[in-house]
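# Fold the stuff below for me.
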Amino acid sequence: MEKISLGNSGLAVSKICLGTMTFGEQNSEADAHSQLDLALERGINFIDTAEMYPVMPRAETQGRTEQYIGSWLKKSGRRGDIILATKAAGPSRGISWIRSGQSDFDAASLRSAVDASLKRLQTDYIDLYQLHWPSRNAPIFGQTAFDPGKERPSVAIEETLAALDELVKAGKIRQIGVSNETPWGVAEFIKQAETRGLPRIVSIQNAYSLVNRSFENGLDEVCFREHVGLLAYSPLAFGQLSAKYIDNPRASGRLTLFPPNWSPRYLRPAVTEAARRYAALARANGMTPAQLALAWCYSRWFVASTIIGATTLTQLREDIGALSIRLPEQVVDAVNAIHREITNPAQ
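Residues are numbered from 1 along each chain as shown. Have a look, this model is predicted:
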């Protein structure tokens, strides 16, 4: 599988990254180990997780995903074969149990988060350490506009970078990235890093899919010019773009297993209609809906690596296999036509 240098980091990551947020909720430890084995067998060397996982977030399961990866690393002895990424939770979004409700990006909180992740992962270092969402007020997770009325105290970006610098110097993390960020956030992280001689972000992990192409509205240029790689998450829009909920509204998955207020952006009527149209386009061209959605992400020039998640090995094989699909020009044109009619319904 093709490997891409992530920013200017020297980290060579596979074009597909194995997402793991189902480990510990929808997937057992044995399931998790089987997925990790298959991923490496198929050439994937990039594994992404978070201290918050699994989802749906619950106090009693928090950290279990990292634990399952850690037990696999201990059993397999393959730490040197993977690029391991994890994420620190930002200020509480109703997740009061992480770091006793003090989750933020100040030095003490980040030290605590990194040390706990290292222990669960049973490793001495993290290749890519990411900030899961901003400390400051920013439009994320389905918000479509910035709201100054929601301003709140936050940790300054330069303070966060200084804390991460200490963790890099201590050998606990190698590179840093952001997640659920905006163009201003990316630019400010880079400005502060360059002005103060602090670590520079090499990646941004944001949602990107056929129903959320908002990355193309400014972030694509910023990241191109500043050498920041996109790690595209939710390429199947929580399963909507697999058409499983269109074919069977009661299909098992996050949109039926978890409360609707957890992921409302993927339940909007416009998302369902767009997914219906993309599914019809895929099937008319000899593809499954999931293959079209993933092939789209895999082929975008600004996507460094696409994060895929699955609950079965069959799903995982199909997701990986979509990497070999080359979308004909007429299919790309048809995708863009649907996008013009139903623009970013899951933004």
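# For Met21, see how far away the nearest residue to Ala12 once chain neighbours are set aside is.
Leaving aside its sequence neighbours, Ala12 sits nearest to Lys3 (CB to CB, 6 or more residues apart in numbering; 4.2 Å). Bear in mind the C-beta positions are built from the backbone N, C-alpha and C, glycine included. Between Lys3 and Met21 the computed distance is 23 Å (CB to CB, to the nearest Å).
# Next, count neighbours for Lys150.
Neighbourhood size, Lys150 [other CB atoms under 10 Å]: 11.
# Over to Ser214?
Residues contacting Ser214 under the criterion other CB under 10 Å number 17.
# Return the distance of it relative to Ala32.
Using CB to CB, Ser214 is found at 31 Å from Ala32.
# returning to that earlier point: so for Lys3 and Met21, which sits in the more crowded spot?
Comparing Lys3 with Met21 by neighbour count (other CB under 10 Å), the higher total belongs to Met21, at 22 against 15.
# Would you confirm that that one contacts Tyr53?
Yes. The pair Met21 and Tyr53 qualifies as a contact (CB atoms under 8 Å) at a distance of 4.5 Å.
# just checking, what packs against the helix or strand hosting Ser117?
Here Ser117, judged by DSSP states H and E, is contained in helix 107-121. Helix 107-121 sits against helix 64-76, strand 83-88, strand 126-131, helix 157-169, with contacts defined as 3 or more CB pairs under 8 Å, 6 or more residues apart in numbering; DSSP states H and E.
# now the angle between strand 126-131 and that helix, please.
Going by axes from the mean of the first three to the mean of the last three CA atoms, to 10 degrees, helix 107-121 is angled at 130 degrees with respect to strand 126-131.
# Could I have the CA atoms of helix 107-121 written out in PDB?
Below are the C-alpha coordinates for helix 107-121, written out as PDB (Å, rounded to 0.1, in the frame of the first residue of the first chain):
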ATOM      1  CA  ALA A 107       0.600  21.600  30.700                       C
ATOM      2  CA  ALA A 108      -0.600  19.600  33.700                       C
ATOM      3  CA  SER A 109      -3.600  18.200  31.900                       C
ATOM      4  CA  LEU A 110      -1.700  17.200  28.800                       C
ATOM      5  CA  ARG A 111       1.000  15.500  30.900                       C
ATOM      6  CA  SER A 112      -1.700  13.500  32.600                       C
ATOM      7  CA  ALA A 113      -3.400  12.600  29.400                       C
ATOM      8  CA  VAL A 114      -0.200  11.500  27.700                       C
ATOM      9  CA  ASP A 115       1.000   9.400  30.600                       C
ATOM     10  CA  ALA A 116      -2.400   7.700  30.900                       C
ATOM     11  CA  SER A 117      -2.500   6.900  27.200                       C
ATOM     12  CA  LEU A 118       1.000   5.500  27.200                       C
ATOM     13  CA  LYS A 119       0.100   3.200  30.100                       C
ATOM     14  CA  ARG A 120      -3.000   1.900  28.300                       C
ATOM     15  CA  LEU A 121      -1.300   1.500  25.000                       C
END
